[in-house]
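Novice: Just need the structure, nothing else, for what follows:
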Amino acid sequence: MGLALQDTQTRYAHTLEDKEACHGNVGFDFLNFTLRHFPIGKSKSKKLDKTIIQPSKNSIARHWKALAERIDRMKATTLDDVIRMLNPQIAGWCAYCKTEGSSHAFQRLDHLLWHKIYRWANRKHSRKSADWVVQQYFTPDGKSKHGRVKGATQTLRWHSNTPVKRHVTLRKGVSPYDGNWSYWGTRRGK
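Specialist: Okay, the predicted model is just below:
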């Protein structure tokens, strides 16, 4: 077909052990996710490992940079306008990443976002105390550690409120070509 791999964009990587000279270069990034194996168990004789797929550091950094730039550009606007602009970005990124091990990344992004919105609110009310700013913009919520950021009409969507949903594993010996349409119909419904 005329396809060829470019040497400059190709890297051979081991997903469990560091085989190259530069340390910490285990696993590989693909479609904004990092694929890597981790050893499990205490027994050295069994050599068990587990594949973990997480959002890549570059993907998290790009998403956070986009959120931070959006907040920085909206210094003079109301909280409702900020929430209206952030919610679609957060929802889209979370929808893409929710199928893999993303809970740690979601929590880290929520922590950074809380501090960014706090700084945004503190800038708007520079003569008020920190307690006043927190009480004005952040209301406690039993579900989230950070509480709720609620404007007059909208509430900010936190990353960690998105549940991480794993794929449903296939039954042994099942194929889409075997004619078992009831199984595939119920699987698609889930």
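
Novice: what's the domain layout of this structure?
Specialist: According to automatic domain parsing, the chain comprises the domains 11-55, 57-161.

Novice: Mean neighbour count, the ones you listed: which tops it?
Specialist: Stretch with highest mean neighbour count among the domains of the chain: domain 57-161 (a mean of 15; mean count of other CB atoms under 10 Å). To be clear about C-beta, it is placed using only N, CA and C from the backbone, and glycine gets the same treatment.

Novice: re earlier: Serialize the domains of the chain to CSV and add fields for mean pLDDT and distance to residue 169.
Specialist: Output for these, formatted as CSV (pLDDT from 0 to 100; distance: least, CB to CB, whole Å):
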stretch, mean pLDDT, distance to residue 169
domain 11-55, 77, 13
domain 57-161, 90, 13
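
Novice: With distance to residue 2 added, can I get those in TSV?
Specialist: Formatted as TSV, those follow (distance: least, CB to CB, whole Å):
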stretch	distance to residue 2
domain 11-55	22
domain 57-161	30
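
Novice: which stretch among these comes nearest residue 181?
Specialist: Among the domains of the chain, domain 57-161 comes nearest to residue 181, with 24.8 Å by CB to CB.

Novice: any idea how far that closest one is from the chain center?
Specialist: 14 Å (CA atoms, centre = their mean, to the nearest Å).

Novice: State the distance spanning the first to the last residue of that domain.
Specialist: End-to-end distance of domain 57-161 (CA to CA, to the nearest Å): 21 Å.

Novice: from now on call the first residue 12
Specialist: In the new count, where the first residue is 12, that last one comes out as domain 68-172.
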